[in-house]
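Trainee: Provide a 3D model corresponding to the input given below.
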Amino acid sequence: MEQNLNLDDQIRGVAMALRHWFEIRDIEREQQRLGLLPSGPKDKKYDKRLRPLTVTALPPQLVHLKSDAPMLTLHYMQDIYDDGEFRGDAWRWWLAWIAIELVARGGPDRDGAKTRRFVVEDPSIETVRLNAARWLAANPLRLGLVQKRLRTLIRHAMTAADSPGQTIEERTLRSVENLDRTLVDAMAEEAARIAAAITFRLEERARRG
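Mentor: Sure, this is the predicted structure:
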């Protein structure tokens, strides 16, 4: 099907407008504000006991919509507020912010491929990939996403054509030995679904406009 460049430009325009309604706060600065980290070299009055919880559960930046954001932004973000499972999960807001940025810069992400590729490959979030277990620990429902990814790997491992000359055991071990990569892949799949959902709603708006 021929690409509708005019529609794609309109979608980019909506995303560019929407990005200004995001409020982004660095997690370390927020920890300092809450007294979980020292605010300066001489600060002795901080309580680090709760810091492991924030490090485990939260993404590198906290993402919210600004308090004066137009009501229409809620429509674009309704899949993030409540998709029936994750209900306003902080990591999903972080991934939504990434998706909006990518759509604003590069155009629609109808199947989430751009966002997925960013999460898997972009060097700017290498530290996130190194600590992918934080994403998993933030919500136990994500175990289902990881298990789905593992099942896919196992199915591939059972096919001799994928790795000729290896036993089933060897193919299976090879498929699942890099669990950190499996977590990143599952995170990327979640990001891709979010990007596709947001793009769908941006496109709805662009078509009406």
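Trainee: From here on, just use CA atoms for contacts and neighbour counts.
Mentor: Noted.
Trainee: ranges for the helices of the chain?
Mentor: 5-19, 27-33, 51-57, 72-76, 78-81, 90-106, 113-121, 126-130, 132-137, 142-157, 168-176, 179-208 (DSSP state H).
Trainee: could these go into TSV alongside mean pLDDT and mean neighbour count?
Mentor: Shown next, in TSV, are those (pLDDT from 0 to 100; neighbours: other CA atoms under 10 Å):
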stretch	mean pLDDT	mean neighbour count
helix 5-19	91	18
helix 27-33	80	16
helix 51-57	73	15
helix 72-76	87	15
helix 78-81	86	20
helix 90-106	95	22
helix 113-121	97	20
helix 126-130	94	14
helix 132-137	91	20
helix 142-157	85	16
helix 168-176	76	15
helix 179-208	92	21
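Trainee: and those as JSON lines, adding distance to Ser39?
Mentor: Below are the helices of the chain laid out as JSON lines (distance: least, CA to CA, whole Å):
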{"stretch": "helix 5-19", "distance to Ser39": "29"}
{"stretch": "helix 27-33", "distance to Ser39": "5"}
{"stretch": "helix 51-57", "distance to Ser39": "14"}
{"stretch": "helix 72-76", "distance to Ser39": "34"}
{"stretch": "helix 78-81", "distance to Ser39": "32"}
{"stretch": "helix 90-106", "distance to Ser39": "24"}
{"stretch": "helix 113-121", "distance to Ser39": "31"}
{"stretch": "helix 126-130", "distance to Ser39": "23"}
{"stretch": "helix 132-137", "distance to Ser39": "24"}
{"stretch": "helix 142-157", "distance to Ser39": "33"}
{"stretch": "helix 168-176", "distance to Ser39": "42"}
{"stretch": "helix 179-208", "distance to Ser39": "32"}
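Trainee: if I look at Leu62, how far off is Lys48?
Mentor: Per CA to CA, to the nearest Å, Leu62 is found 19 Å from Lys48.
Trainee: what does Ala138 give?
Mentor: The gap separating Ala138 from Lys48 is 19 Å, by CA to CA.
Trainee: again, but for Tyr81
Mentor: 30 Å.
Trainee: Likewise for Val119?
Mentor: Counting by CA to CA, the gap from Val119 to Lys48 is 30 Å.
Trainee: do the same with Arg205
Mentor: Separation of Arg205 from Lys48 (CA to CA): 45 Å.
Trainee: What of Val14?
Mentor: 41 Å.
Trainee: again with Val103
Mentor: Here Val103 is placed at a distance of 38 Å from Lys48 (CA to CA).
Trainee: again, but for Ala57
Mentor: For Ala57, the distance to Lys48 (CA to CA) stands at 15 Å.
Trainee: Check Arg201 too.
Mentor: Arg201 is 41 Å from Lys48, by CA to CA.
Trainee: neighbour-wise, which of Leu62 and Lys48 wins?
Mentor: More neighbours surround Leu62 than the other of Leu62 and Lys48, with 17 against 13 (other CA atoms under 10 Å).
Trainee: So the more buried one sits against Leu95, correct?
Mentor: No: assessed by CA atoms under 8 Å, Leu62 is found out of contact with Leu95, at 10.7 Å.
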